[in-house]
Structures are given as structure tokens and as C-alpha cells.
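> just coords:
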């Protein structure tokens, strides 16, 4: 399964994605290294690395990182960040980072090459059985895999701003493509929030996704891991009204609707911006991001 439509979904807004999206908490890196029994892994493989945000995070605690990304647009943004220095590659203590074309189920890397494999905000776009088999092949005995996802929206200390996000998602969902595969904010305009499902859902333009709440169960059922569990951690970053709007605009579902010809006004982004600016003002503030990490340890 090539899932080319999934890669195409993330073309055309790599700069926005890289500017707005957060990075996982460093405390999570400590947990992964502890499970792997390796305080500084020689190699971490980052599946679906996108613009390199997650690879740069891995580079802070690994000697070497290989980011695997099928989208040429996202991969180009990652490589540009490395070349200009904005990706922190080469900073003291930062491991070497390289980006390669590939898929979660077909990386082209050798057997047993990695101590840790991560998929940050990306596993829900990968075919589970084939991807878990590839992860098992890549990991050395006792190696660790982590599917790392962020809850949306972040907590920004404003009920008005977060409610505006929720209402935008409800409105946008009514147009067709889902903003997120598993969002607890999904709802029908006439009814209560729709519950998550473990069935694959076909999205616009042939893209296919697997809901994030099912990651842990699918990992456990795959037979590729001897131990699985879920952790919840938090990180803090600075942001303002502009960043919250850009975070929403960076979701693939929003970009699909815009590419299909809807204006930002028709979609409700203009109204969302006005509401968020009224709620948050112009000053920066703390954004609290909640991360869910589904961790799997392979057999020794």
C-alpha cells in the first residue's frame, strides 16, 4: 500500500507547518532512552518526519537521526532547515540528521539498525500491519518504538479561544474532510460529538487514516512488541493569537478544503481569527501541549 494520497495531503504548506507546530517534551526522550536501556542512542529513525521538527528534537538526545518522509515538499523544508542552520543541526550536543525519501512500511534501512523508532504526529497516516513489521525489523533487540501525538487544541488559558477552535472544527467537518482522524472535537452540526472508531476512515482525495485512539490496541495486537503502554506528558511553548490560528491552518484537513477552492472566509478562518484575537490579545503567553505516547518495546 503506497498511500500516495496521504503524502500529497501534506504538500503546499510545509513552511506554515514548520513555523506553527510544537516539538515533543524532552522528558519524553528520557523515558524512551530508559526503556531502550541506552542513554544516548546511536541511531533514531523518525518515520513521517515531515519538516524535520521531530528529527531535530531527536537530534538533541541521539548521535544520529534519519528522518523518513514520503512528501517531497515536507522533505525539502526539512533539508532547507538543516542547510540554513535553523534546524539546529551541528549545534553542540546535536546529533547528525539526514532526511531520506521513504514510507513507514518501506524505509530502505538495514535490519536492527536503530535503538529507537518514533512516529510523531504521523502514525495515523500509515498502514498499521506493514508499518509495525517494518518497525520491528529496524529495531535492535530490546529497542523501543513510540507513536507520539499531540492533543488539539493546546490549552491557552482562554475558554473563549478554545471554544472558537472547537466550533471551527465542527463547522469544517460539515464540509467533508476531517481535520483530524480521531479528534474528540468532531461532531455533527445537528448532534453530539461523534465517538472515535477503530475502523480505517476514507478521507478526501483518497487519503486513508487510522484513528489515534486505536494506536495502542493495534500495537498490542500486531505481535511485534513484547510490552506496550501509553504515557501522557506535557510541554510548554510560547505563542500568541497568530500562532493559534496558524496551528489550525496547519492541519491537513483545512489545507484540503482550501485547495478544493474554499476561501478562508467561507471556511470560517476569518471569524476564527477575530475571535481568537479578541480572546488572547496581541501579547505572547504560555501554550500547554498535551502529548500522548504509545510505546512498544520489541523482544530481546
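Looks like it came in fine. Predicted, not measured: the structure shown is a model, and the values here were computed from it.

> now do the helices in the stretch 51-200 of the chain.
Along the stretch 51-200 of the chain, the segments classed as helices by DSSP state H, counting those that start in this stretch run 53-59, 72-84, 128-138, 159-173.

> quick one: mean pLDDT for the third one?
By that I understand helix 128-138. Average pLDDT, helix 128-138: 98.

> for the longest one, same thing?
Averaged across helix 159-173, pLDDT comes to 94.

> hang on, the earlier thing: what's the most buried one of the helices of the stretch 51-200 of the chain?
Of all the helices of the stretch 51-200 of the chain, helix 53-59 has the most neighbours on average by mean count of other CB atoms under 10 Å, namely a mean of 27. To be clear about C-beta, it is placed using only N, CA and C from the backbone, and glycine gets the same treatment.

> run the chain-centre distance for that helix.
Distance of helix 53-59 from the chain centroid (CA atoms, centre = their mean, to the nearest Å) equals 12 Å.

> so which elements touch the strand or helix carrying residue 275?
Following DSSP states H and E, one finds residue 275 within helix 269-280. Applying 3 or more CB pairs under 8 Å, 6 or more residues apart in numbering; DSSP states H and E, one finds that helix 269-280 makes contact with helix 159-173, helix 241-249.

> isn't residue 117 right up against residue 48?
No. Using CB atoms under 8 Å, residue 117 makes no contact with residue 48, being 11.0 Å away.

> quick one, which of those two is more surrounded?
Between residue 117 and residue 48, counted using other CB atoms under 10 Å, the more crowded position is residue 117 (30 against 27).

> next up, the contacts around the residue nearest to residue 78 when sequence neighbours are not counted.
Excluding its sequence neighbours, the residue lying closest to residue 78 (CB to CB, 6 or more residues apart in numbering) is residue 52, at 3.2 Å. The neighbourhood of residue 52, defined by CB atoms under 8 Å, 6 or more residues apart in numbering, consists of 18, 67, 77, 78, 79, 81, 82, 87, 97, 99.

> tell me where the model's unsure across this structure.
1-10, 82-93, 176-206 (pLDDT under 70).

> quick check, central residue of it?
By CA atoms, centre = their mean, the chain has its centre lying nearest to residue 121, at 1.4 Å.

> quick one on the thing from earlier: figure out which of the helices of the stretch 51-200 of the chain is closest to residue 275.
Comparing those by their distance to residue 275 (CB to CB), the top pick is helix 159-173, with 4.0 Å.
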